[in-house]
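Undergrad: Next input, structure requested:
(4 chains)
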Number of protein chains: 2
Amino acid sequence: MTTAEKTPRRTRARRGEGEKLKESILEAAEALLIETGDAESVSIRAVAERVGVTPPSIYLHFTDKDELIFAVCEKHFAELHRIMTEATSEASDPLDALRRMGRAYVAFGVNNPEQYRITFMGRTPHSVDEGHTERLLSNSGFSYLVDVVKSCLDAGHFVPGDPLMIAIDLWVTVHGITSLFIAKPEFPWPDKEELIEHILDTQLTGLLRDGESGA
Amino acid sequence: MTTAEKTPRRTRARRGEGEKLKESILEAAEALLIETGDAESVSIRAVAERVGVTPPSIYLHFTDKDELIFAVCEKHFAELHRIMTEATSEASDPLDALRRMGRAYVAFGVNNPEQYRITFMGRTPHSVDEGHTERLLSNSGFSYLVDVVKSCLDAGHFVPGDPLMIAIDLWVTVHGITSLFIAKPEFPWPDKEELIEHILDTQLTGLLRDGESGA
DNA sequence: TGTACATCAGTGAACGCGCGTTCACTGATGTAC
DNA sequence: TGTACATCAGTGAACGCGCGTTCACTGATGTAC
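TA: Have a look, this model is predicted:
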């Protein structure tokens, strides 16, 4: 039984403070996403109910549903970006940084499966498409990943190659694990931590200059 | 404008030939999936319309919608299995076989994006869950992949390791490419063929015994 | 210090839609006698 | 060879649901005079 949870009617904002509702709407959308674990449940009506407001008032702040979902995705990108940079703060060298980023990426996905689903596994609404990719490239930590790969190349860790190509390789790999963990939780996975290390090992070993150690 | 395409009413099956409709329903569901490129469009009503029959008659052959989707997934698994084994028919050795399987897997996903989405990227309906995993393990080509990996180990191509772990590595990698190609078509991918080769190269190089050549 | 008024932040009711599913039924088809 | 009858393969109409969105409105709040 999903408790009906009648949210009390929200008290109307003061003049000039209309933007506060926008913030609440985003929070409610996010909360619904996490609680129900289902992007389908994030409907205009459900969000409005959650905030304690009528559905039409959503339209005072978002032109339509796509724009709301778009805004939610924004937050995920920002969060992922933060996590990627944070992960490297204690890294001893660029190679170690890559490992830490890989682990942090998978952890982010596993801990926020619905956000990850929407952002990287779902059908992208057309209206969202436009700025989406640029953001993915510039703000989600991807460009940062490219930078770290460049550092590895400069430091002579890797066999020379195109940093963009290598970065995509790494992204593809961590996305592969993350998305399968999310999509197939009932698969008889071996120990997940071990699996992550194994894949990162294999991938990085494949990139290393002969004689370098992956560990 | 999606042409309404009024399918003429289907002529009723003879006695004892009721199963024919079941076949038609499956075909229609598959066709709708491919044409609309959207799993959401595969509704009981749309399928019925397509077959030229009323919605309730679907229930003569499937207890509910989940069972219909389940049956559609079955077909995808069988197809993928076929493709995996076929891909290796001309392989010169197990290592070459792995490469061919990888390429064929990605090609299957890219050419059948909606099927791939449902099978490997989507939320699994609970009713589908049950036999799903066993089928994934035994019939989708996964167990075959494990066998080929074992051959590589036996032939001394790879550094010794757990064949299951290595097989999962490889699956994760090709799934990573495939699912990102499908989910992010607007991403500025470099040449896709080249990317596939690069990733397979890197992955296999990471697994190879020193001195073996990946090419 | 009081009041008319524009503005802002919402509300309430309704629109039309497609969905999965149920239920009582119909009418052609084959079989038994 | 003819006919009653059970069975099979469907139909037609309706159920209740939640959805995104629109439209005319209301009523509190701050401001100008």
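Undergrad: And the closest residue to chain B within chain A, its phi and psi?
TA: Of all residues in chain A, A:Gly176 sits closest to chain B, at 2.8 Å by Cβ to the nearest Cβ. Backbone N, C-alpha and C define where each C-beta goes, glycine included. Backbone torsions of A:Gly176, given as degrees, to the nearest 10, read phi -60, psi -50.
Undergrad: quick one: contacts for it?
TA: A:Ile199, B:Val172, B:Thr173, B:Val174, B:His175, B:Gly176, B:Ile177, B:Ser179 (Cβ atoms under 8 Å, 6 or more residues apart in numbering or on different chains).
Undergrad: Can you tell me, leaving aside adjacent residues, what's nearest to it?
TA: B:Gly176 (2.8 Å; Cβ to Cβ, 6 or more residues apart in numbering or on different chains).
Undergrad: before we move on, back to that, need the per-residue pLDDT for the residue of chain A closest to chain B.
TA: Per-residue pLDDT puts A:Gly176 at 98.
Undergrad: returning to that earlier point: state the distance from the residue nearest to A:Gly176 to B:Tyr105.
TA: Using Cβ to Cβ, to the nearest Å, B:Gly176 is found at 11 Å from B:Tyr105.
Undergrad: which of the contacts of A:Gly176 lies closest to B:Ile69?
TA: B:Ser179 (19.2 Å; Cβ to Cβ).
Undergrad: in chain A, which helix or strand is least confident?
TA: Here the helix or strand of chain A ranked lowest by mean pLDDT, DSSP states H and E is helix A:126-138, holding a mean of 69.
Undergrad: Is the very next helix or strand once past that one positioned near chain B?
TA: Note on helix A:126-138: by DSSP states H and E, the next helix or strand toward the C-terminus is helix A:142-154. No. Under the criterion of Cβ under 8 Å from any Cβ of the partner chain, chain B is not reached by helix A:142-154; the shortest gap measures 9.5 Å.
Undergrad: any idea of the angle the top helix by length along chain A forms with helix A:142-154?
TA: If you go by DSSP state H, chain A has its longest helix at helix A:65-87. On the basis of axes from the mean of the first three to the mean of the last three Cα atoms, to 10 degrees, helix A:65-87 is oriented at 30 degrees to helix A:142-154.
Undergrad: ok, then the element right after helix A:65-87?
TA: Next element after helix A:65-87 (DSSP H and E): helix A:94-111.
Undergrad: do the very next helix or strand once past that next one and chain B meet at all?
TA: Next helix or strand after helix A:94-111 toward the C-terminus (DSSP H and E): helix A:113-116. No. Judged by Cβ under 8 Å from any Cβ, helix A:113-116 stays clear of chain B, getting no closer than 9.7 Å.
Undergrad: Flag every buried residue along helix A:113-116.
TA: Residues A:Pro113, A:Glu114, A:Gln115, A:Tyr116 are the ones in helix A:113-116 that count as buried (16 or more other Cβ atoms under 10 Å in any protein chain shown).
Undergrad: which other residues reach it?
TA: Taking Cβ under 8 Å, 6+ apart as the rule, helix A:113-116 contacts A:Leu33, A:Ile34, A:Gly37, A:Asp38, A:Ala39, A:His76, A:Glu79, A:Phe108, A:Gly109, A:Thr178, A:Ser179, A:Ile182.
Undergrad: Now list the buried members of these.
TA: A:Leu33, A:Ala39, A:His76, A:Glu79, A:Phe108, A:Gly109, A:Thr178, A:Ser179, A:Ile182.
Undergrad: Looking at the residues you listed, spot the one nearest B:Leu21.
TA: Using Cβ to Cβ, A:Ala39 comes nearest to B:Leu21 of those, at 33.9 Å.
Undergrad: For the closest one, what are phi and psi?
TA: Residue torsions, per degrees, to the nearest 10, at A:Ala39 are phi -60, psi -30.
Undergrad: does the closest residue to it other than its chain neighbours count as helix, strand or coil?
TA: Using Cβ to Cβ, 6+ apart and skipping the chain neighbours, the partner closest in space to A:Ala39 is A:Ile118 (5.3 Å). Under DSSP: H, G, I helix; E, B strand; the rest coil, the three-state class of A:Ile118 is helix.
Undergrad: Many thanks, we can stop here.
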